[in-house]
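coords please:
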Amino acid sequence: MLSIEEQKSLENIKAIPYMGKTIALIEDFVKDYSTKDNKEAYLAAFDEIFRILNEAKSFVDEYLSKRKANGEIRDEKQALKSIAGNSFSLALAYIFLKNKEIDNIREDIFITSQISKVPSFEEVAIINVDGETQKPDCDLVIYSLNDDNTLKECMILSLKTSLRERAGQTYKWKLLMEIATTDNPIKEKYNIEYKSGKMPLVAFATVNFYNEINNPQHKGMFKFFDKSFIAKNIDADFIERMSALPKYVNEKL
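Have a look, this model is predicted:
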């Protein structure tokens, strides 16, 4: 069951102009799913995000062309790049909430892109390096709450449509956190401190638009995360399908 705020989040995602076709394609997939079982269908929808975003691209292009013609934007390519990243995040959040709505995800687990809504998140996310703060590259936070609405557990989720840009930022923060929470000379040398007693899980998800995940350098990167996901209907031994996300958060959070 969704909270009132989560129901509003679903409606807000639907109301975003460039998300209309994406949402329609998600719901078409669920409607046409072979078993007609919504619990299975909404899980499987996680693995269709890549295909759905690609199918929706022509409608996004048309939307941007109209905005440019109306003088609302100047650079369609830059706007498309921004929308691609936002669409991935929003599609994932939408499918996550639909899974929670039908009890594939526990009631006390939440997802948000607004880190200010996560209790004590600043404390969890800050690492001090000789007095300077370091924070993770964080697109979504998935978290659970105690009965008194304090933070129980959380997972930082970094999303990338391409591994070419910023792909290493999150795992570098993860390494920094591990250095800060173990006894080692590097921590002492650079005066690294992590004061929170509640370490977050750090995960990564990609749609892999440019088929980069088999690059040896990128494959090595995945090993540093607590979990890595791909929003495609494929199998690989070093990264899991996005449809594994609900089971993972139900078990870990």
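
Tell me where the stretch 101-250 of the chain has strands.
Listed in chain order, the strands of the stretch 101-250 of the chain (DSSP state E, counting those that start in this stretch) span 109-112, 127-129, 132-134, 140-145, 151-160, 192-193, 201-206, 227-230, 240-241.

Okay, angle between the longest one and strand 201-206 too, please.
So the one you mean is strand 151-160. Taking axes from the mean of the first three to the mean of the last three C-alpha atoms, to 10 degrees, strand 151-160 and strand 201-206 form an angle of 30 degrees between their directions.

Now do strand 151-160 against strand 140-145, angle only.
Using the same axes, to 10 degrees: strand 151-160 against strand 140-145 is 170 degrees.

The longest helix along the chain to strand 201-206, inter-axis angle?
Ordering each helix of the chain by length in residues (DSSP state H) puts helix 76-101 first. Relative orientation of helix 76-101 and strand 201-206, computed by the same axes, to 10 degrees: 120 degrees.

buried stuff in helix 76-101?
Within helix 76-101, the residues scored as buried using 16 or more other C-beta atoms under 10 Å are 79-80, 83-101. Where C-beta positions appear, they are placed from N, C-alpha and C, glycine not excepted.

swap in stretch 122-130?
124, 125, 127.

Take the residues you listed and write them to CSV, including pLDDT.
Listed next are those as CSV, based on pLDDT from 0 to 100:
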residue, pLDDT
124, 93
125, 92
127, 95
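
Closest one to residue 200 out of the residues you listed, please.
In terms of C-beta to C-beta, no member of these lies closer to residue 200 than residue 124, at 5.4 Å.

right, and the closest one touches residue 200 too?
Yes. Between residue 124 and residue 200 there is a contact at 5.4 Å, judged by C-beta atoms under 8 Å.

Find residues that contact each of those two.
Common neighbours of residue 124 and residue 200 (criterion: C-beta atoms under 8 Å, 6 or more residues apart in numbering): residue 154.

ok, back up a step: distance to residue 214 added to the buried residues of stretch 122-130, as TSV?
Output for the buried residues of stretch 122-130, formatted as TSV (distance: C-beta to C-beta, whole Å):
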residue	distance to residue 214
124	33
125	31
127	31
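
Give me the residue ranges of the stretch 151-253 of the chain where confidence is low.
163-168, 209-212 (pLDDT under 70).

again, only this time at 90
Along the stretch 151-253 of the chain, the parts satisfying pLDDT under 90 run over 160-174, 195-198, 207-224, 233-239.

Where does the prediction get shaky in the stretch 1-150 of the chain?
For the stretch 1-150 of the chain, applying pLDDT under 90 flags the ranges 1, 34-37, 61, 63-82, 84-85, 136-137.

Going along the chain, name the helices of it.
Taking DSSP state H, counting those that start in this stretch, the helices of the stretch 1-150 of the chain run over residues 4-15, 20-32, 38-45, 49-69, 76-101, 121-125.

and residue 179, which of the ones you listed is closest to it?
Closest among the helices of the stretch 1-150 of the chain, using C-beta to C-beta: helix 121-125, at 15.8 Å.

Which elements pack onto that closest one?
strand 151-160 (3 or more C-beta pairs under 8 Å, 6 or more residues apart in numbering; DSSP states H and E).

Quick one: residues in contact with the strand it packs on.
Contact with strand 151-160 is made by 85, 88-89, 92, 108, 118-121, 124-125, 136-146, 166-167, 169-170, 198, 200-207, 226, 249, 252-253, as judged by C-beta under 8 Å, 6+ apart.
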